[in-house]
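Chemist: Sequence first, then the predicted structure:
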Amino acid sequence: MTLDRAALLALDRAHVWHPYTPAHDDGLPPLVVARAEGARFWDVDGRSFIDANSSWWVASLGHRHPRLLAALSRQSQELTHIALGGLTHEPATLLARELVETMPGYRDTTLAADRRLARVFYSDDGSTSVEVAIKLCAQYWAQSTRAKRTRFIALSGAFHGETVGATSVGGIDAFRAVYGPLLFDVIRTPSPHDARGWERAVDAIVRELDAHRDTIAAVVVEPIVQGAAGMRVYEPAFLRAIREACDRSDTFLVADEVFTGLGRTGTFWACEHAQVVPDVLCTAKALSGALFPFAATVASERIYDGFRGGRDRAFLYGHSYCGNPLGCAVAREVLAIYREERVLDRVAAIAPKIRAAFEALAEEHPSLARPRAIGAIGAIDLGAQGYLDDKGWRVYEAALARGVYLRPLGDTVYVAPPLVIDDPTLDALLDGVTQSIREAIKR
C-alpha cells in the first residue's frame, strides 16, 4: 500500500460519501481495511477484526473463499462480459437451472406446474431484485383482464432496498420519510413481530385483501426475519397464513430473501420454515460470495406465461450487467460450495451457541430486551428507540477495541457472521459481544 492510514483518511474525508453515515461525522474515523480472509479483516496497521455482520450480510462464505477466487479466475480467461439482450452464455444458463433446483417446492410433485419457481431474471443487487419483482407483478396484471391490480401490501418495519420502488414497499420511516413525495402508495399492515401477536398482522392483511381484492397486485414480505428493522423474528405460521390468504384472493406473494436466503436462518430459503412457495423470490447478497453486485428474481411459470405474445408484452427492463458471466460463474460456485461443503450443517452447529449467548445476556441484564436467534442470527435490544438511537453505537465502539466489527441497528445489537466461521473465532466473537454490551450499559 503506497499511502499510510493518515493520508488515506485525509483523502476519504475530502472525497468519499459513506452510506448510512452522517456527513462530517465526529465519531470514530472509518477503519482503513487492507485485506480480508475468512471471517476476519485487517486494517493497514495490522489489527485484526472479526466481521460480525458478514460485511452487510454478503460474505456468508467468508471473505476470499479460495474456490470462488478460482472460479472467477477461470471465467475471466474466457468471457468477462456480454449483454444478455438477445444473447446468452453458459454460466447464465447453467446458473438459472441450478438456482431453480434450490427453490422452495422444487421437489414437491403435488405442486401445480404453473406455480413452480422456474424463470430467472438477473439484476445487480437486492434493491433491483425487488424492483424487478414489483414490476413483474404490476405488468402481469396490466396485461391481464384485471388491469386494476396496481397496489401492493407490505409490512410495517419492512426493508426491501434503496431504489424508489423498493423504498416504497419498505416500512422503516427513517429510510423512507424524506422521499415520501417520490414513492407510490402502499397498503401498510402491522409487523408479525408486533407484541400483540402475528395473528393481528394476518387479520389486517386478510381484511385488506377482502376489501381491495380487485386492486392488489401482490403482498411483499421478508420471510421469517425482518432484518433492517432490528432482526425481528416471527412465526412461520404467519407466512403460511399469508400464502393461504393470497391463494384465496388470487394475489401474488413476493418473498424478499435477499438477507434470509442461502442458509442464513438455517434452511436454504427462509420460506422453507413455513413450507411455503411464493410466486416470486428475490435473492442477492450471499449469492455472489461477496465478490460482485449480483442478484436474481425467480418467478413462477404462471407469471412468465403472462408475458408471452408480441413485443408490446415484453418485460422492458434490464441492466447493463444483467447476468454477467463473471457473476454467474461465481454464483454457480457459491451453490456448489453449499452443496459440497455442507454449509447448512455448519449453520446447525453454530446456531445453539449464538442463541445461548444472547439468552445469557438477557438473564444477566434485565434491562436488555427480546433476546432472539434463528440460524446464524442473534440479536438483543438495548432500548426501544429504534434505528436512530445511539445505544448500539456504544457497543460498537467497545467491540472495536476488542477486535470485533459489530455494526448495530440503532439500539439493536446483532450478529450475522459468516456461516463458515470456525469455533474459536465464533467463541471470540460472542465473548467480545458479551463484554462490549456489559461495558456499554455501565456508562
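Modeler: Perfect, thanks for sending it.

Chemist: going forward, measure contacts between C-alpha atoms and count neighbours the same way
Modeler: OK.

Chemist: what about the residue nearest to the spatial centre of the chain, is that helix, strand or coil?
Modeler: Closest residue to the average C-alpha location of the chain: residue 259 at 1.9 Å, with Cα atoms, centre = their mean. Classification of residue 259 by DSSP: H, G, I helix; E, B strand; the rest coil places it in coil.

Chemist: what's near enough to touch it?
Modeler: Shown in contact with residue 259 (Cα atoms under 8 Å, 6 or more residues apart in numbering): 57, 227, 283-286.

Chemist: Roughly how far does it sit from residue 354?
Modeler: Residue 259 sits 18 Å away from residue 354, going by Cα to Cα, to the nearest Å.

Chemist: ok, now residue 7?
Modeler: Distance of residue 7 to residue 354, computed by Cα to Cα: 39 Å.

Chemist: Those two - which one has more neighbours?
Modeler: Taking other Cα atoms under 10 Å, residue 7 and residue 354 do not tie; residue 354 has more neighbours (24 against 11).

Chemist: burial count for the spatially closest residue to the more buried one that is not a sequence neighbour?
Modeler: Closest residue to residue 354 apart from its sequence neighbours, by Cα to Cα, 6 or more residues apart in numbering: residue 378 at 5.9 Å. Using other Cα under 10 Å, residue 378 has 24 other residues around it.

Chemist: what bridges to residue 378?
Modeler: residue 373, residue 415 (DSSP bridges).

Chemist: where does residue 299 land in three-state SS?
Modeler: Counting by three-state DSSP, the backbone at residue 299 sits in strand.

Chemist: need the contact list for it.
Modeler: Taking Cα under 8 Å, 6+ apart as the criterion, residue 299 is in contact with 117-121, 279-281.

Chemist: leaving aside the residues next to it on the chain, what's closest to it?
Modeler: residue 280 (4.4 Å).

Chemist: now residue 277
Modeler: Leaving out its chain neighbours, the residue that sits closest to residue 277 by Cα to Cα, 6+ apart is residue 104, at 5.4 Å.

Chemist: any weak-confidence spans in this protein?
Modeler: The model of the chain has pLDDT under 70 over residues 1, 25-27, 443.

Chemist: got the buried residues for the longest helix along it?
Modeler: Secondary structure of the chain per DSSP state H: the longest helix is helix 343-364. Across helix 343-364, burial judged by 16 or more other Cα atoms under 10 Å covers 343-344, 346-351, 353-355, 357-359, 361-362.

Chemist: Likewise for stretch 185-205?
Modeler: Buried positions in stretch 185-205, judged by neighbour count with 16+ other Cα under 10 Å: 186, 188-193, 198, 200-205.

Chemist: Can you give the contact residues for it?
Modeler: 151-158, 168-169, 171, 208, 232-235, 238, 241-242.

Chemist: residue boundaries of the helices in the stretch 101-250 of the chain?
Modeler: Ranges of helices in the stretch 101-250 of the chain, per DSSP state H, counting those that start in this stretch, are 126-142, 164-169, 173-176, 198-211, 236-249.

Chemist: Compile those helices into TSV and extend it with columns for distance to residue 52.
Modeler: Formatted as TSV, the helices of the stretch 101-250 of the chain follow (distance: least, Cα to Cα, whole Å):
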stretch	distance to residue 52
helix 126-142	20
helix 164-169	26
helix 173-176	23
helix 198-211	29
helix 236-249	26
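
Chemist: Out of those helices, flag the one nearest residue 366.
Modeler: helix 198-211 (24.9 Å; Cα to Cα).

Chemist: Compute the inter-axis angle for that closest one and helix 236-249.
Modeler: 10 degrees (axes from the mean of the first three to the mean of the last three Cα atoms, to 10 degrees).

Chemist: chain center to helix 198-211, what's the gap?
Modeler: Here the centre of helix 198-211 is set off from its chain's centre by 25 Å, with Cα atoms, centre = their mean, to the nearest Å.

Chemist: send the alpha carbons of that helix over as PDB?
Modeler: Written as PDB, here are the backbone C-alpha positions of helix 198-211 (Å, rounded to 0.1, in the frame of the first residue of the first chain):
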ATOM      1  CA  TRP A 198     -48.800 -12.300  14.500                       C
ATOM      2  CA  GLU A 199     -52.500 -13.200  14.200                       C
ATOM      3  CA  ARG A 200     -53.300  -9.500  14.300                       C
ATOM      4  CA  ALA A 201     -51.000  -8.900  11.400                       C
ATOM      5  CA  VAL A 202     -52.600 -11.800   9.400                       C
ATOM      6  CA  ASP A 203     -56.100 -10.400  10.200                       C
ATOM      7  CA  ALA A 204     -55.100  -7.000   8.800                       C
ATOM      8  CA  ILE A 205     -53.800  -8.400   5.600                       C
ATOM      9  CA  VAL A 206     -56.900 -10.600   5.100                       C
ATOM     10  CA  ARG A 207     -59.100  -7.600   5.700                       C
ATOM     11  CA  GLU A 208     -57.200  -5.600   3.100                       C
ATOM     12  CA  LEU A 209     -57.300  -8.400   0.500                       C
ATOM     13  CA  ASP A 210     -61.000  -8.900   1.100                       C
ATOM     14  CA  ALA A 211     -61.700  -5.100   0.800                       C
END
